[in-house]
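Student: need the 3D shape of this:
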Amino acid sequence: MSGGWTGPLVIGGVGGSGTRVVAEMARRLGVSLGEDRNRSADTLAATLLLRRSAWYDEQVREGGAGFATAFEVLEGALRGRLEVTAAIRDFLAGAEADLAGDGPGPAWAAERVARLVGSGTSGPEPERWGWKEPNSHLYLEALHRHFGDRLRYVHVLRNGLDMAFSDNQWQVRTWGRLFGIEAGATVSPNASLDYWIRANRRAVDLGEALPAGTFLRLDVDALCADPVAGVDRLVGFLGLEPEPEVQAELVAMPERPASTGRWRRAGGVAFTDRQLAEVAALGFPFDR
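Tutor: Below you'll find the predicted structure:
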């Protein structure tokens, strides 16, 4: 596989958008997303460091130095060259405490730290590397400040009308406040759609203002409808030229989700004209 780009590739989007298939395609293209991943192909080191809402707020208030530390740790671990200093151990202890108390729990957090530290000096350095963690879209500005022109960020979108009925509403409950949305244990389809609109609008506006070649907006619905064109866009963005057999495998990966069009079957929910117009402005016309 030819191409000069090395990394990082960062894959993000509102949870449930289809980031998993993009991650699987990236791995087939030779991009290492770390060995510690879940069934959704999330890079769990990135989850440990970036899925921390109170810490995120603190960093935004204080200038974001911790964001840079998180990215340095991720790069070191994912490239197999992390030097675990006392300062890094303290940083990881803070992340472990955050995720133990407000997340998957202490055993999960402890395992993530252990595996992250262990990966820091294991194996040969990958030619291409990155991570898949949907919440990464919230860090887009900080990612570009830190990595500059090395960054390749893929923002994955799926029709927001379908997303409004997804079971995956973790982002809305956790990050909705950043977009003026208050959500409790139960998230209404209207609140979910408003989050989808505002979070994606922010990511797209920020991404499209970055230098050319840094940001790719990838519509999973379009990818499933025309995988040849979608794969061409992805490999072109990464500057890679896969062998014909790899290209064929990539084209075969996207599958139209059974939940596509579920908003039409839901019934009883009236989205506003404003919401429908904003969904259309993000590339998903109402009659699609």
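Student: which strands or helices does the helix or strand bottoming out on mean pLDDT in the chain pack on?
Tutor: Within the chain, no helix or strand scores below helix 262-266, which has a mean of 80 by mean pLDDT, DSSP states H and E. Under the contact criterion of 3 or more Cβ pairs under 8 Å, 6 or more residues apart in numbering; DSSP states H and E, helix 262-266 touches helix 160-163. (Glycine included, C-beta is placed from N, CA and C.)
Student: in the helix it packs on, what's buried?
Tutor: Buried positions in helix 160-163, judged by neighbour count with 16 or more other Cβ atoms under 10 Å: Gly160, Leu161, Asp162, Met163.
Student: ok, the residues you listed vs Asn200, which is closest?
Tutor: Gly160 (7.3 Å; Cβ to Cβ).
Student: now the closest one, nearest residue through space, not along the chain?
Tutor: Trp196 (3.9 Å; Cβ to Cβ, 6 or more residues apart in numbering).
Student: tell me where the stretch 1-150 of the chain has strands.
Tutor: 9-12, 31-32, 128-132 (DSSP state E, counting those that start in this stretch).
Student: re earlier: which positions within the least confident helix or strand of the chain qualify as buried?
Tutor: Applying 16+ other Cβ under 10 Å to helix 262-266 flags Arg262, Trp263 as buried.
Student: what's that helix in contact with?
Tutor: Identification of contacts with helix 262-266 by Cβ atoms under 8 Å, 6 or more residues apart in numbering yields Asn159, Leu161, Asp162, Ala164, Phe165, Pro189, Val269.
Student: how about 7 Å then?
Tutor: Identification of contacts with helix 262-266 by Cβ atoms under 7 Å, 6 or more residues apart in numbering yields Leu161, Asp162, Ala164, Phe165.
Student: now render those residues as CSV, adding pLDDT and distance to Gly101.
Tutor: Converted to CSV, the contacts of helix 262-266 look like this (pLDDT from 0 to 100; distance: Cβ to Cβ, whole Å):
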residue, pLDDT, distance to Gly101
Leu161, 93, 35
Asp162, 92, 33
Ala164, 92, 30
Phe165, 91, 31
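Student: in stretch 143-155, what's buried?
Tutor: Quick answer for stretch 143-155 (16+ other Cβ under 10 Å): Leu143, His144, His146, Phe147, Leu151, Arg152, Tyr153, Val154, His155.
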